[in-house]
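1. Sequence plus predicted model, see below.
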Amino acid sequence: MPRPLRFNAFVMHTNSHIHHGQWRRPDAGQVDFEDIALWIDLAKLLEAAKFDAIFLADVSGVYGDADADFDVYIREGLQIPSHDPLTLVAAIATHTEHLGLALTSNVVQNHPFNFARQISTLDHISKGRVAWNIVTGTQDNGARNFGLPRLVDHAERYAWAEEYVDVTYKLWEGSWDDGALVKDRERGIYSDASKIHTIDHVGERYAVQGPHLPSPSPQRTPVLYQAGSSGSGRAFAARNAEATFIIAPSPALAREQIAETRRLAVEAGRRADDITFYQGLSFVIGDTEEEARDKAAEYEKYVSIDGYLAHSALVDAEGRAYDPDTPLSEVRTDTMRGFSEWVRKAVTDREPTIRDVALVISRQTRVVGTPEQIADVLVEWQDAGVDGINVINWVIPGSFEEFAEKVLPVLRERGLAQSEYAPGPLRQKLFGEPLLNDRHPAARYRGAFSGTAADTEPALVQEGV
């Protein structure tokens with residue numbers, strides 16, 4: 001039997017996330033995305049369907065030229081207004097038991113000490129179901145919202161991310177030893193000071209003394225996602241990611257990226273299979289092939305080309321938006337470098353343009369067909385090395401209802417989707433163990449700070465040990 005694929009619902013706490021214009025449909029619940037009932041009901045639906053996780057994207061600013069107007073984003077509801085995914089995850093956690101809770105957080109938008117505390121809190125609340133999608137930002141406006149003049153250089157952003165995750169690893173893995181939380185009522189000792197340590201991190205961007213304020217959560221470190229497809233992004237994923245989100249235009253191109261990232265992982269001292277890969281796909285499902293094609297034509301009536309082009313806006317060295325017909329060979333950008341590389345590989349019969357970015361996004365990761373045909377396509381992606389699918393919606397909740405009702409039963413018959421959740425925290429459900437394996441760079445901080453106890457009381461000798 002083939003191994004089951006993993007399935008995440010790839011959504012965003014906003015009106016128009018990936019497929020722009022679809023919010024105008026009468027069945028599009030995302031138009032009222034601020035209603036918490038929409039998300040609680042969706043989470044319950046996903047858990048009943050045995051989705052592995054809900055995966056929440058996020059941004060820290062509007063797209064495009066930071067000095068230009070942003071009327072198109074306002075008009076389209078294109079990721080503005082949008083709400084904080086971390087807060088939403090806290091609400092969903094209390095209404096689910098098994099569903100993974102993956103959230104995106106930019107290294108620019110939160111200090112690593114505070115972020116590490118928030119994640120540990122969420123992991124406690126959810127009993128170990130949190131994942132973090134590590135991003136470095138793609139908007140100049142987002143950089144300005146946190147005091148920078150514009151996005152820093154692409155490679156420099158990943159150097160920043162390396163220090164950021166290093167701080168969080170030290171807090172999550174090294175600040176508290178196992179057994180530090182005692183809760184001894186008789187002796188009046190809540191925690192063992194000899195097992196709680198400062199981290200005394202001093203780096204280029206951060207100085208963090210510690211200790212970590214929360215006690216270790218069920219996973220300590222959340223499951224680590226990463227979405228960069230550029231050279232710098234792949235190198236970062238090879239060192240840090242457990243799961244990588246890709247939007248490759250074809251299985252062949254996915255195979256190339258997966259092979260390269262896994263090769264880099266081995267060079268970094270990890271195993272090739274320490275990283276799993278999730279391809280982003282959207283589905284147009286019909287009981288017959290003809291019905292699926294008719295539905296696709298109906299979906300395209302709602303497509304907003306302005307929305308797609310605005311979302312995929314590339315800016316020049318001066319921060320100005322390119323004309324949509326600009327050849328990609330003339331583009332110099334730090335905002336969408338990885339995806340523009342995919343477009344160059346996907347469009348081979350002519351010189352691709354910026355406009356092609358929108359077309360690739362809207363069509364080349366769309367699967368149109370019957371449930372059986374969709375299952376056949378997913379086998380092709382799996383054969384290319386893909387471990388899971390990030391299911392991208394047209395509308396909420398209808399896209400996920402239809403996928404759960406029509407496609408997942410066919411996949412289960414073929415052994416391509418799970419029928420029940422495995423026990424334990426999210427990492428254990430996905431990889432068989434609740435904690436990061438010893439090959440991950442965070443593991444080197446386990447026991448690394450044992451000489452820096454939080455206070456000077458003598459070590460406790462626990463009874464029976």
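-> Done, it's in.

2. and the spatially closest residue to residue 98 that is not a sequence neighbour, how far is that from residue 50?
-> Sequence neighbours aside, residue 421 is the residue nearest to residue 98 in space, at 4.2 Å (criterion: C-beta to C-beta, 6 or more residues apart in numbering). All C-beta atoms are positioned from the backbone trio N, CA, C, and that covers glycine. Applying C-beta to C-beta, to the nearest Å, the value for residue 421 to residue 50 is 6 Å.

3. Okay, helices next: where are they in the stretch 301-450 of the chain?
-> 305-311, 337-346, 354-359, 371-383, 398-402, 408-413, 426-431 (DSSP state H, counting those that start in this stretch).

4. Dump those helices to CSV, plus mean pLDDT, distance to residue 275 and mean neighbour count.
-> Listed next are the helices of the stretch 301-450 of the chain as CSV, based on pLDDT from 0 to 100; distance: least, C-beta to C-beta, whole Å; neighbours: other C-beta atoms under 10 Å:
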stretch, mean pLDDT, distance to residue 275, mean neighbour count
helix 305-311, 82, 27, 21
helix 337-346, 71, 16, 19
helix 354-359, 72, 26, 22
helix 371-383, 98, 15, 17
helix 398-402, 98, 26, 19
helix 408-413, 98, 23, 16
helix 426-431, 98, 11, 22
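
5. So which of these is nearest residue 147?
-> Nearest to residue 147 among the helices of the stretch 301-450 of the chain is helix 337-346 (23.6 Å), distances taken as C-beta to C-beta.

6. As JSON lines, the helices of the stretch 301-450 of the chain with distance to residue 11 would be great.
-> Output for the helices of the stretch 301-450 of the chain, formatted as JSON lines (distance: least, C-beta to C-beta, whole Å):
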{"stretch": "helix 305-311", "distance to residue 11": "15"}
{"stretch": "helix 337-346", "distance to residue 11": "19"}
{"stretch": "helix 354-359", "distance to residue 11": "21"}
{"stretch": "helix 371-383", "distance to residue 11": "20"}
{"stretch": "helix 398-402", "distance to residue 11": "9"}
{"stretch": "helix 408-413", "distance to residue 11": "17"}
{"stretch": "helix 426-431", "distance to residue 11": "17"}
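
7. quick one, which of these is nearest to residue 132?
-> Of the helices of the stretch 301-450 of the chain, nearest to residue 132 by C-beta to C-beta is helix 426-431, at 11.1 Å.

8. which strands and helices sit next to that closest one?
-> strand 100-106, strand 223-226 (3 or more C-beta pairs under 8 Å, 6 or more residues apart in numbering; DSSP states H and E).

9. Would you tell me which of the ones you listed gets closest to residue 362?
-> Comparing the helices and strands packed on helix 426-431 by C-beta to C-beta, strand 100-106 comes nearest, at 21.6 Å.

10. ok so, going back, select, out of the helices of the stretch 301-450 of the chain, the one closest to residue 138.
-> Here helix 337-346 is closest among the helices of the stretch 301-450 of the chain (C-beta to C-beta), at 9.4 Å.

11. looking at this, residue 3 is in a helix?
-> No: secondary structure assignment (DSSP: H, G, I helix; E, B strand; the rest coil) places residue 3 in coil, not in a helix.

12. what residues are up against the residue nearest to residue 98?
-> Residue 421 makes contacts with 50, 98, 429, as judged by C-beta atoms under 8 Å, 6 or more residues apart in numbering.

13. Nearest spatial neighbour of residue 20, chain-adjacent residues omitted?
-> Nearest to residue 20 is residue 307, by C-beta to C-beta, 6+ apart, at 2.6 Å.

14. Roughly how far does the one you found sit from residue 248?
-> Distance from residue 307 to residue 248, by C-beta to C-beta: 22 Å.

15. returning to that earlier point: with mean pLDDT, mean neighbour count and distance to residue 346 as new columns, can the helices and strands packed on helix 426-431 be given to me in TSV?
-> Compiled in TSV, the helices and strands packed on helix 426-431 are given as follows (pLDDT from 0 to 100; neighbours: other C-beta atoms under 10 Å; distance: least, C-beta to C-beta, whole Å):
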stretch	mean pLDDT	mean neighbour count	distance to residue 346
strand 100-106	97	25	25
strand 223-226	97	26	22
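
16. Take the ones you listed and lay them out in JSON lines including distance to residue 126.
-> Formatted as JSON lines, these follow (distance: least, C-beta to C-beta, whole Å):
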{"stretch": "strand 100-106", "distance to residue 126": "6"}
{"stretch": "strand 223-226", "distance to residue 126": "12"}
